[in-house]
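J.: curious how this folds, go ahead:
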Amino acid sequence: MDEQPVTSVTTEPLTIAALDTERHVSAAGWDQPARLFALVRTASLLAREPHLRPQLAPADLAEGAFTAIEQEGLPATSSLETLLGRIAWPDEVDGCALAVERMVVPPDAERDLPERPEAAVDALAAHPGRRDVRLLVAVLRDGSSICLLRQREHDSDDAVATGNDIAPGLVAALKATLEE
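T.: Below you'll find the model as predicted:
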């Protein structure tokens, strides 16, 4: 996994949109449900909705910039794969981003788990090596993607790791929502 803390300034529009979206999600704290965002080119959005211009900062108007639009009212589901399998985006949407929280445990934590799924989840949640993380995965129709990872125990904007292969399954699932 090629993870890098976010310590330098980037000018890549998808990365900027992902970082801005992750900070927006982070502002609401932890223990959130999955949050889904459409990514649209800001210039196209303003061409359709010029009244939004006063709400944008000068940096939001940079060439190639994307605006994230939260898709509120996602149905509650125990299967993220099922939810994403039912999503399709209109042509006006250039990409999408998903923020989801997960618990990560060391590989040995999965040994000797109870057979009942609920009991297994409880055992993993109580494991001393458990770490809570938030993933934000952003993808574009052209195949570009970026993954961000924030750990609850290192909850700081300058401690967010970025990489292209942090969550390959989520990248693939989000890309599938953009296919025609």
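J.: and the residue nearest in space to the middle of the chain, which of the three is it?
T.: Nearest to the mean C-alpha position of the chain, by C-alpha atoms, centre = their mean, lies residue 136 at 2.0 Å. Three-state assignment for residue 136 (DSSP: H, G, I helix; E, B strand; the rest coil): strand.
J.: from residue 148, how far off is it?
T.: 4 Å (C-beta to C-beta, to the nearest Å). In this view, the C-beta of every residue, glycine as well, is placed from N, C-alpha and C.
J.: tell me which residues form a beta bridge with the residue nearest to the centre of the chain?
T.: For residue 136, the beta-bridge partners are residue 99, residue 148 (DSSP bridges).
J.: hmm, it is touching residue 147, no?
T.: Yes. Counting by C-beta atoms under 8 Å, residue 136 touches residue 147, with 7.3 Å between them.
J.: quick one, strands of the protein?
T.: With DSSP state E as the definition, the chain shows strands at residue ranges 4-5, 35-41, 66-70, 95-104, 131-140, 145-151, 161-163.
J.: so can I have a markdown table of those showing mean pLDDT?
T.: Formatted as a markdown table, the strands of the chain follow (pLDDT from 0 to 100):
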| stretch | mean pLDDT |
| --- | --- |
| strand 4-5 | 48 |
| strand 35-41 | 97 |
| strand 66-70 | 96 |
| strand 95-104 | 94 |
| strand 131-140 | 96 |
| strand 145-151 | 97 |
| strand 161-163 | 93 |
